[in-house]
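> Based on what follows, work out the 3D shape:
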Amino acid sequence: MAVDPQTRLGGWLLVPLAWLIMTLLTSALVMAMYFSALFDPAMRHALFTPPHGALVQWAASLLTSAVVWGYSAWVTWIFCKRSRRLPRHYIIWLLLSVILAIKTFAFSPVTDAAAIRMLLIALLAASVLVPYFRRSQRVKATFIEP
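Numbers count the residues shown, from 1 in each chain. Model prediction:
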């Protein structure tokens, strides 16, 4: 049985898939970093000492990383299954990455250069891939499975 090249995952569609996989790996590393704080006695003391209030920020960051990891894993799964739900959810995933980059720029204790770089990369990816996933005939022909 011959497979139509338009319905396979290949070509430029590998770039968004690679972006998804890299986000999946990055969020897994970030979660490991947050969990490693539990094994360091000084960090554990700082987290669970009431006046600092670091526990709430730590838990919110861990929860955000877990949600990003879970959603990225699910979007990767439906990407590989060529689900027709993928274009909508990939666009949502891209917009979520832009929102998280804005949050990082505004609230995280990272250098401005790193935050701006993350924001520009997320904006560039969204500005290129959102129209591609909305209008491309290749996307419409590839993601057809239920």
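> Let's see whatever helix or strand Leu120 lives in as CSV, backbone CA atoms only.
Leu120 belongs to helix 112-135 when elements are defined using DSSP states H and E. The C-alpha coordinates for helix 112-135 follow below in CSV (Å, rounded to 0.1, in the frame of the first residue of the first chain):
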residue,chain,number,x,y,z
ASP,A,112,16.6,40.7,31.0
ALA,A,113,18.6,39.5,28.1
ALA,A,114,17.6,35.8,28.7
ALA,A,115,14.0,36.8,29.2
ILE,A,116,13.9,38.9,26.0
ARG,A,117,15.6,36.1,24.1
MET,A,118,12.9,33.6,25.3
LEU,A,119,10.1,36.1,24.4
LEU,A,120,11.5,36.9,21.0
ILE,A,121,11.9,33.2,20.1
ALA,A,122,8.3,32.4,21.3
LEU,A,123,6.9,35.4,19.3
LEU,A,124,8.9,34.4,16.2
ALA,A,125,7.7,30.8,16.4
ALA,A,126,4.1,31.9,16.9
SER,A,127,4.2,34.4,14.2
VAL,A,128,5.5,31.9,11.7
LEU,A,129,3.8,28.7,12.8
VAL,A,130,0.3,30.0,13.6
PRO,A,131,-0.4,31.1,10.0
TYR,A,132,1.2,28.0,8.7
PHE,A,133,-1.1,25.7,10.8
ARG,A,134,-4.1,27.8,9.9
ARG,A,135,-3.7,28.1,6.1
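> Can you name the next helix or strand after the helix or strand of the chain with the lowest mean pLDDT?
The weakest-scoring helix or strand in the chain, judged by mean pLDDT, DSSP states H and E, is helix 41-48 (a mean of 82). On the C-terminal side of helix 41-48, the closest following helix or strand by DSSP H and E is helix 54-80.
> roughly how far apart are the residue nearest to Ile102 when sequence neighbours are not counted and Leu129?
Distance criterion CB to CB, 6 or more residues apart in numbering; nearest residue to Ile102, sequence neighbours excluded, is Leu119 at 6.5 Å. (Glycine included, C-beta is placed from N, CA and C.) Separation of Leu119 from Leu129 (CB to CB, to the nearest Å) stands at 16 Å.
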